[in-house]
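S.K.: quick one, fold the following:
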Amino acid sequence: MKIHNNFSLINHNSFGIEAIAEKFASISTVEELEKIIISNQNEEKIFIGGGSNILITRNIKGLVINLNMKGISSKKINDNHTEVKINSGENWNDCVKWCLKNNLGGIENLSLIPGNTGAAPIQNIGAYGVELKDVFISCSVLDINTNKILEFKNEECQFEYRNSIFKQNKNYIILSIKLKLTNSKHILKVDYGSIKERLSQLKIKDPSINDVAKIICQIRSEKLPDPKEIGNSGSFFKNPIITNKHLKELKQNFKDIPYYKLSEMKYKIPAAWLIEKAGFKGKRIKDYGVHEKQALVIVNYGKATGKQILDFSISIQKAIKFIFDIDLYLEVNVI
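M.R.: Numbers count the residues shown, from 1 in each chain. Next up is the predicted model:
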């Protein structure tokens, strides 16, 4: 483990933003992590994984620690379920592929979500009707205040829509997660979005978990830009949740407003629709803007700064508030 001085973070964030860390280290074991925390107690410490869900707005004084612990294993629970343990430094989509290869179902709808596994419980990642919490057993975390390793069970993680206890408490560093996946009699969720339509077009009546994953990868690839080609963090904003009363009021002026019913009183509104309706889809200012195909994605076309992108996102939030009286919250983590 080597500590680098004045280290460029341009290759450690999917926005491709240039920023300098005063110190940087990549760790591959829990022992290395414990050691570097103890030996740098008085330093500001920022922990990053794949860098896919962060927006860096400044040079960082202190120590940036890249969590790079690898490893994935499984053990059969019963005839229908298998427990899979994944270390936090594993690329999430590679883990999905590993599970598919081993006929393990439950996370196929989460295919092609960028980032590392350690970020998955922090965000409670989700897509196409599935969230991580649906298959989550527990996770192992390091409390950097006490340097003790703790185990958090599903109910202790306080999972909500794109939120968890780990997003609120930055002292908990995810080391590994455990998932409960099906090894037979897979329960597929194919009624969300355009999955059902694609299956019909392909005349697939009895889809496999691989069929579902393949379709979702196609849909995401068509809509979302590749960070290797255009800097972005995927979904920049969360889909807002509003009351039934608020929805009725909006319908008076926006009869085509799409929504998903969560309960009798709460409805989820697609943030992409709001942003497009407000005229931001495809809008570009110098080296940054909203992607032309997916309004939920803010992109760095070249040499935009994190501050420019943050200010641009604030202008979108203000417009959505003015037009729809809806508060739009960031899904990306700002540093």
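S.K.: tell me which element Ser221 falls in.
M.R.: Using DSSP states H and E, Ser221 sits within helix 209-223.
S.K.: what comes up buried for that helix?
M.R.: Buried residues in helix 209-223, counted by 16 or more other C-beta atoms under 10 Å: 209, 211-217, 219-220. Where C-beta positions appear, they are placed from N, C-alpha and C, glycine not excepted.
S.K.: got a list of what the residue nearest to Lys266 when sequence neighbours are not counted touches?
M.R.: Closest residue in space to Lys266, ignoring its immediate chain neighbours: Ile241 at 5.4 Å, by C-beta to C-beta, 6 or more residues apart in numbering. Applying C-beta atoms under 8 Å, 6 or more residues apart in numbering to Ile241 gives the contacts 161, 262, 266-269.
S.K.: out of these, who's nearest Leu67?
M.R.: The closest of these to Leu67 turns out to be Tyr161 (C-beta to C-beta; 24.4 Å).
S.K.: just the strands in the stretch 101-250 of the chain please.
M.R.: Secondary structure of the stretch 101-250 of the chain by DSSP state E, counting those that start in this stretch: the strands cover 126-127, 130-131, 136-143, 148-153, 172-182, 231-232, 241-243.
S.K.: what residues does stretch 324-333 touch?
M.R.: So stretch 324-333 is contacted by 53-55, 123, 162, 167, 233-238, 240, 242, 246, 250, 254, 269, 271, 274, 313, 316-317, 320-321 (C-beta under 8 Å, 6+ apart).
S.K.: likewise for stretch 22-32?
M.R.: Counting by C-beta under 8 Å, 6+ apart, 1-7, 9, 33, 36, 40, 43, 59-70, 89, 142, 149, 175 sit against stretch 22-32.
S.K.: stretch 72-92 too?
M.R.: Contacts for stretch 72-92 (C-beta under 8 Å, 6+ apart): 28, 49-50, 67-71, 95, 98-99, 102, 104, 110, 113-120, 125, 137, 174-185.
S.K.: please save the CA atoms from that stretch in CSV.
M.R.: Extracted in CSV, the C-alpha atoms of stretch 72-92 (Å, rounded to 0.1, in the frame of the first residue of the first chain):
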residue,chain,number,x,y,z
ILE,A,72,-17.1,-13.1,-4.4
SER,A,73,-18.3,-16.4,-3.0
SER,A,74,-21.5,-18.4,-2.5
LYS,A,75,-23.0,-21.1,-0.3
LYS,A,76,-26.3,-22.9,-0.8
ILE,A,77,-28.9,-22.1,1.8
ASN,A,78,-31.6,-24.6,0.6
ASP,A,79,-33.0,-26.1,-2.6
ASN,A,80,-34.3,-22.7,-3.7
HIS,A,81,-31.8,-20.1,-2.3
THR,A,82,-28.1,-19.4,-2.3
GLU,A,83,-26.2,-16.8,-0.2
VAL,A,84,-23.7,-14.7,-2.1
LYS,A,85,-21.0,-12.7,-0.4
ILE,A,86,-19.4,-9.8,-2.4
ASN,A,87,-16.6,-7.6,-1.3
SER,A,88,-17.0,-3.9,-1.7
GLY,A,89,-14.4,-3.4,-4.4
GLU,A,90,-16.1,-5.7,-6.9
ASN,A,91,-17.6,-4.0,-9.9
TRP,A,92,-21.4,-4.3,-9.5
